[in-house]
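Student: All I have is the shape, not the residue letters:
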Ligand SMILES: Cc1cc2nc3c(=O)[nH]c(=O)nc-3n(C[C@H](O)[C@H](O)[C@H](O)COP(=O)(O)OP(=O)(O)OC[C@H]3O[C@@H](n4cnc5c(N)ncnc54)[C@H](O)[C@@H]3O)c2cc1C
């Protein structure tokens, strides 16, 4: 007897996108859905405690990737965490809900058709959102949705130094945003976060938990998909570790394994650039040269300063604060660390921001893996629109070996100049009246104010990922794109990719919100196709 299990849809990966799809597609009780996740269930207490997210790094809840040596970053290999549990990266991320700028989506519209442009795409954010922060500017309607599955909340316990950062932005003449997620987010604001009553609210919390008892939704954990199963050029299902037989998809397989996992699975299944595949010992089934290419990420440099006042998040995990958190979701453990942001333009002729400044009332060094021993603050300077691009290539025939991840950071010359200009703006804010009482000199690795050449060397020696890889299965109207505008993989049938990898260009925001919104749109596209 066959051990195969038959579904209508098999979704690979229960991350930001996979959770949305599983919940939306299984709303129809006549449709059978399997959601296949490599990681364990999301039961670890640190997932719920916002300030504890770095404690999930390099644990079984993290894929714990490293990049290839980065020539333009002093030959360093960078640590890349990715979520490996229900909720995916939304279960280990910094909870910042930042859609990006109108221009980002208008550029998607140019790449993939007008239905991806801002005005047409914006309703999918609202569909996902449940804003708990009240009305918008002067009592006007909020930009946010009010009854979606994902709670979005203002920060509960803003550190006094974060308030000083916001004052510094005001003093510098930046625009005060009533709501950060306005179509033009040039300006500053506290960070809206994916939290409900002070606790993390992941895509699994919002979408999966209410749906998990549905009889037509089958959630498999600790089941790593090895490869796609083909019937000619039609994708028939998948093979996963720990799952007997095949998981057969009567309608479609949907890859939501993230910007590394999705191209890796395509490549392991013979869909990709024949040169890349043959070098890794993989036979080409479908030539698709874009798979794994066009990798973009946000690179960030941390300006870290000593703080003479013992009020930062250093030592915030005291017993008293644990008690406040457990009793009512209050206190500094509700902090997502990155408490406020400013989106700025380093050149007046730009129509949209090219730098984000992220304020943390803590020294954010080594991804928080080294607990700080002294009080300090950080302004993270983020390159929002890198010209540099990289790629993901297979190192071996299966998904058991991590692929070669080469983001190509700072390989395009203009990028270092923009980052440098951003650091100068951070230094100006730190030197102003509002923040001066909270700084007493630079904290390693930041050297303090130095000349441009020294600063450029420092940036190359110390910048890190802001954890936003995208673009490796880029959608587009052009034949060279990996997926078409309906997110169907070109060259095969019954296969889509729905996750951060399909973004044609990285946004000037953070990547969870656009991934959720594009999955909401994809669910609609998939249901419409099934009705045809
Ligand atoms: C540390 C960190 C901080 C971040 N902070 C923020 C933030 O504050 N705000 C923000 O907007 N964005 C943030 N991001 C980025 C954001 O979380 C991601 O862009 C987003 O979650 C990506 O969603 P996804 O669905 O593409 O992939 P993921 O959410 O990563 O989901 C992919 C899922 O697929 C599973 N998977 C992969 N391969 C397989 C396989 N072969 N078989 C089965 N399952 C598989 C993975 O285990 C994972 O669960 C952060 C990310 C990280 C890692």
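Tutor: That came through fine. From a predicted model like this one, the values you see are computed outputs, not experimental measurements.

Student: Mind checking the pLDDT average for the strand or helix carrying residue 236?
Tutor: Using DSSP states H and E, residue 236 sits in strand 234-240. Averaged over strand 234-240, pLDDT sits at 98.

Student: Show me what the closest residue in space to residue 353 that isn't next to it in sequence bridges to in the sheet.
Tutor: Spatially, and ignoring its direct neighbours in sequence, residue 353 is nearest to residue 343 (3.9 Å; CB to CB, 6 or more residues apart in numbering). Backbone N, C-alpha and C define where each C-beta goes, glycine included. Residues in a beta bridge with residue 343, per DSSP bridges, are residue 187, residue 356.

Student: number of nearby residues for residue 343?
Tutor: Residues near residue 343, counting by other CB atoms under 10 Å, number 27.

Student: Flag every residue of the stretch 201-350 of the chain that's near the ligand.
Tutor: Proximity of the stretch 201-350 of the chain to the ligand, by CB under 6 Å from any ligand atom, involves residues 224-225, 256-259, 261, 265.

Student: ok so, going back, for the strand holding residue 236, which residues meet the burial criterion?
Tutor: 235-238, 240 (16 or more other CB atoms under 10 Å).

Student: Check what pLDDT the residue nearest to residue 353 gets.
Tutor: For residue 343, the pLDDT comes out at 98.

Student: Residue 134 too?
Tutor: Reading off the model, residue 134 has pLDDT 77.

Student: Could you count how many residues lie near residue 241?
Tutor: Look at residue 241: counted by other CB under 10 Å, it has 13 neighbours.

Student: OK, contacts around it?
Tutor: 223-226 (CB atoms under 8 Å, 6 or more residues apart in numbering).

Student: Please apply the same query to residue 380.
Tutor: Residue 380 touches 300-303, 338, 356-360, 364, 466, counting by CB under 8 Å, 6+ apart.

Student: one step back: which strands and helices sit next to the strand holding residue 236?
Tutor: Packing partners of strand 234-240 (3 or more CB pairs under 8 Å, 6 or more residues apart in numbering; DSSP states H and E): strand 5-12, strand 225-231, strand 247-255.

Student: Rebuild those as JSON lines, extending it with distance to residue 205.
Tutor: Shown next, in JSON lines, are the helices and strands packed on strand 234-240 (distance: least, CB to CB, whole Å):
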{"stretch": "strand 5-12", "distance to residue 205": "18"}
{"stretch": "strand 225-231", "distance to residue 205": "24"}
{"stretch": "strand 247-255", "distance to residue 205": "21"}
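
Student: just so I know, which of these lies nearest residue 496?
Tutor: Closest approach to residue 496 among the helices and strands packed on strand 234-240 (CB to CB): strand 247-255, 5.0 Å.

Student: Identify all contacting residues around the closest one.
Tutor: By CB under 8 Å, 6+ apart, strand 247-255 touches 4-13, 18, 21, 34, 36, 228-229, 235-240, 261-262, 265-266, 473, 494-499, 522, 526, 530.

Student: if you set the cut-off to 6 Å instead, what comes out?
Tutor: Strand 247-255 has contacts (CB atoms under 6 Å, 6 or more residues apart in numbering) with 4-12, 34, 235, 237-238, 262, 265, 494-498.

Student: out of those residues, which are buried?
Tutor: 5, 7-12, 34, 235, 237-238, 262, 265, 494-498.

Student: Next one, pLDDT for residue 205 please.
Tutor: Taking residue 205 on its own, its pLDDT is 98.

Student: Now it: closest residue in space, sequence neighbours ignored.
Tutor: Using CB to CB, 6+ apart, the closest residue to residue 205 is residue 87 (7.1 Å).

Student: The one you found: neighbour count?
Tutor: Around residue 87 there are 30 residues (other CB under 10 Å).

Student: Contacts only, for it.
Tutor: 42, 202-204.

Student: separation between the residue nearest to residue 305 when sequence neighbours are not counted and residue 464?
Tutor: Nearest residue to residue 305, sequence neighbours excluded (CB to CB, 6+ apart): residue 439, at 4.3 Å. As judged by CB to CB, to the nearest Å, residue 439 and residue 464 stand 21 Å apart.
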